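# Sequence and predicted structure are below.
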Number of protein chains: 2
Amino acid sequence: MKRLGRQNAIAEEQSENASAETEHPARARIISAAEALFAELGFDGASVRQIALAAKVPLALVSYHFGSKEGLYRAIFELRAPSIVEQRQVGLLLADAEKDPERRLELVVKALLIPMLKLRREEKSARFGALLAREVSDPKSLDRGIIRDMFDPVARSFIQAMREVLPDRSNAEINWAYQVMIGAMVHVMGDAGRIARLSDGACDPEDDRQTTVHIVSLLLAAVRYGSKM
Amino acid sequence: MKRLGRQNAIAEEQSENASAETEHPARARIISAAEALFAELGFDGASVRQIALAAKVPLALVSYHFGSKEGLYRAIFELRAPSIVEQRQVGLLLADAEKDPERRLELVVKALLIPMLKLRREEKSARFGALLAREVSDPKSLDRGIIRDMFDPVARSFIQAMREVLPDRSNAEINWAYQVMIGAMVHVMGDAGRIARLSDGACDPEDDRQTTVHIVSLLLAAVRYGSKM
DNA sequence: GTCTATAGCTGGATAGAC
DNA sequence: GTCTATCCAGCTATAGAC
């Protein structure tokens, strides 16, 4: 397989992730190591050498598989994002099927939050939540366009769903409510200890079941009762 | 003045910021340029060369005044943070003087949010909000300890104030409510365009008066009605 | 105090052997 | 396809002239 062919064959790889990871265990190890190091140190803070060392592959293999550091960075999102987006879409469909509007709002909020908050539980992509949090809050992400391309479409679906469940709210109110949810969620996903420290252990972001219960009820209250009147 | 004397003479500089900035206009220009570039590109993404170029000073002057890149980084926070913390403390005192518990909760929430949300309006520290947002969400900030040293004390005061206004809530509920507020606030402060893009302009984070109205009412609702029951 | 010049590294990327 | 050796641009920090 030609070199530039490989790094651009994203559609192909997505349709055969399992075989790609079986066939190229080194590639999967690089992704996994990069995910953790980018999450911890940021795109600029983590070096390709560090990543290759952690993945136990020679340095040149990273360039061979992913073309460049940014190619590797994008590949992480191309591998992990579709599953999150799909889970959210399924959640939205479930909310659509619910008749009671109170309960429907709750399902919309949960469809937004739960696919992300439960990421910590999944061993394979344990650090992806923190990485995604970084990308969402990084101003430079506007240039990369990863969030725009992969997450904006489903975000618009959520905003539309909220408009339908809360028809008396202004466009600004709906959108600010959505952003408050995203902000709180990203803060929890990216946290590395300040929450536990400040709360003296009363909040444990590692316990994603308790975390979800609290965050969902707080944000549901914000969305439901937070009209500026 | 000796070199190492300068970079460590923080207490002295804080007590005479005005004269220090008048006496060393280059120093103030470096801080200002660094604030914008660190906010935009992150600590690792911005180089000292870029900062010196933007501040129109020779490269070596940065080391002379601040000792190291991290010294410069800390100096920004040492210059800007005290004013924010002070404004928050004053807000908490005002809340304490309010008898009506409903209104008191609102004052506590506003005391937390307004000093930060209005940062964009102030020309001198226009980008400090984005920089602070980055530092709060960066896992590496735990090592630097800037947030812990400068902001944890007043954070604990807020959590205590919330406990007093909402005596029926558990410790976990209070702390999660606080973290939801911080997350939403940091998200807005660090935003560089996604909010306006997703809302098709319905949300304009540059309009900090409208932003404050919406964010405060959403978060007040979360804190007031977001008990997990 | 200020600035030029540069030391000493580390970064991403690649050439070319196998 | 895989890996060693290396290129060279860019980095932080500093020595030393003025």
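Thanks, I have the structure now.
# Let's check: the centremost residue of chain A is which one?
A:Leu132 (4.5 Å; Cα atoms, centre = their mean).
# Return the residues in contact with A:Asp208.
A:117-118, A:120-121 (Cβ atoms under 8 Å, 6 or more residues apart in numbering or on different chains). (Glycine included, C-beta is placed from N, CA and C.)
# Which single one of those is nearest to chain B?
Among these, A:Leu117 lies closest to chain B (Cβ to the nearest Cβ), at 12.3 Å.
# what packs against the longest helix seen in chain A?
Counting by DSSP state H, the longest helix found in chain A is helix A:69-97. With contacts defined as 3 or more Cβ pairs under 8 Å, 6 or more residues apart in numbering or on different chains; DSSP states H and E, helix A:69-97 has these neighbours: helix A:10-15, helix A:25-45, helix A:48-55, helix A:59-66, helix A:101-117, helix A:128-137, helix A:141-144, helix A:146-165.
# Quick check: which of the ones you listed is nearest to DNA strand D?
helix A:59-66 (3.2 Å; Cβ to the nearest atom of the strand).
# if we can go back for a sec, the residue nearest to the centre of chain A and A:Pro115, how far apart?
11 Å (Cβ to Cβ, to the nearest Å).
# My read is that A:Ala172 contacts B:His214, right?
Yes - here A:Ala172 reaches B:His214: they are 6.6 Å apart, a contact under Cβ atoms under 8 Å.
# Comparing the two, which residue is more hemmed in?
The neighbour comparison of A:Ala172 against B:His214 (other Cβ atoms under 10 Å in any protein chain shown) goes to B:His214, with 22 against 18.
# these two touch, right, the more buried one and A:Tyr178?
No - using Cβ under 8 Å, B:His214 makes no contact with A:Tyr178, being 11.1 Å away.
# so is A:Glu206 in a helix, a strand, or just coil?
coil (DSSP: H, G, I helix; E, B strand; the rest coil).
# That one contacts A:Arg120, correct?
Yes - using Cβ under 8 Å, A:Glu206 is in contact with A:Arg120, at 6.5 Å.
# out of those two, which sits in the busier spot?
A:Arg120 (20 against 11).
# Settle this for me: that one is touching A:Ala130, isn't it.
No - the criterion here is Cβ under 8 Å, and A:Arg120 misses it with A:Ala130 at 9.1 Å.
# low-scoring pLDDT stretches of chain A, where are they?
Per-residue confidence for chain A (pLDDT under 70) gives these ranges: A:1-23, A:229.
# what does it have sitting close to DNA strand C?
A:46-50, A:59-60, A:63, A:67-70 (Cβ under 7 Å from any atom of the strand).
# Mind checking which of the residues you listed are buried?
Neighbour counting by 16 or more other Cβ atoms under 10 Å in any protein chain shown classes A:46, A:48, A:63, A:67, A:69 among those as buried.
# Now the first one: closest residue in space, sequence neighbours ignored.
By that I understand A:Ala46. A:Leu37 (4.0 Å; Cβ to Cβ, 6 or more residues apart in numbering or on different chains).
# now the third one
Beyond its immediate neighbours in the sequence, the residue positioned closest to A:Ser63 (Cβ to Cβ, 6+ apart) is A:Val48, lying 7.8 Å away.
# who's in contact with the one you found?
A:59, A:62-63, A:69, A:72 are the contacts of A:Val48 under Cβ under 8 Å, 6+ apart.
# now A:Met181
A:109, A:112-113, A:219, A:222-223.
# what's the answer for A:Cys203, then?
Per Cβ under 8 Å, 6+ apart, neighbours of A:Cys203: A:195-196, A:211, A:214, B:172, B:175-176, B:179.
# change it to 7 Å
A:195-196, B:172, B:175-176, B:179 (Cβ atoms under 7 Å, 6 or more residues apart in numbering or on different chains).
# Could you do A:Arg49 as well?
With the criterion set at Cβ under 7 Å, 6+ apart, A:Arg49 makes contact with A:Leu59.
# how near is it to A:Ala55?
From A:Arg49 to A:Ala55 the distance is 11 Å (Cβ to Cβ).
# Now do stretch A:88-104: everything it contacts.
A:107-108, A:110-112, A:115, A:154, A:157-158, A:161, A:165.
# Buried residues, that stretch. List them.
Result for stretch A:88-104 [16+ other Cβ under 10 Å]: buried residues A:88-89, A:91-92, A:95, A:104.
# of those, closest to chain B?
A:Arg88 (14.7 Å).
# Tell me how far the closest residue to A:Ala34 other than its chain neighbours lies from A:Val136.
Closest residue in space to A:Ala34, ignoring its immediate chain neighbours: A:Ile51 at 4.8 Å, by Cβ to Cβ, 6+ apart. Distance from A:Ile51 to A:Val136, counting by Cβ to Cβ: 22 Å.
# more neighbours, those two?
Neighbour count, other Cβ under 10 Å: between A:Ile51 and A:Val136, A:Ile51 has more, with 25 against 22.
# so what's that one up against?
Counting by Cβ under 7 Å, 6+ apart, A:Ile51 touches A:30, A:33-34, A:37, A:62.
# Just the buried residues of those.
Buried among the contacts of A:Ile51 (16+ other Cβ under 10 Å): A:30, A:33-34, A:37, A:62.
# right, and the pair among those residues with maximum separation?
Farthest-apart pair in those is A:Leu37 and A:Val62; separation 11.8 Å (Cβ to Cβ).
# Tell me if I'm right that A:Met162 and A:Asn175 touch.
No - the criterion here is Cβ atoms under 7 Å, and A:Met162 misses it with A:Asn175 at 8.8 Å.
# one step back: is the longest helix of chain A in proximity to DNA strand D?
No - with Cβ under 7 Å from any atom of the strand as the criterion, DNA strand D is not reached by helix A:69-97; the gap is at least 13.6 Å.
# just to revisit the earlier point, and the contacts of A:Ile51 as a markdown table, adding distance to DNA strand D?
Shown next, in a markdown table, are those (distance: Cβ to the nearest atom of the strand, whole Å):
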| residue | distance to DNA strand D |
| --- | --- |
| A:Ile30 | 11 |
| A:Ala33 | 14 |
| A:Ala34 | 16 |
| A:Leu37 | 19 |
| A:Val62 | 10 |
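# any chance of these in CSV, with distance to B:Val186 too?
Putting these into CSV (distance: Cβ to Cβ, whole Å) gives the following:
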residue, distance to B:Val186
A:Ile30, 31
A:Ala33, 28
A:Ala34, 25
A:Leu37, 23
A:Val62, 32
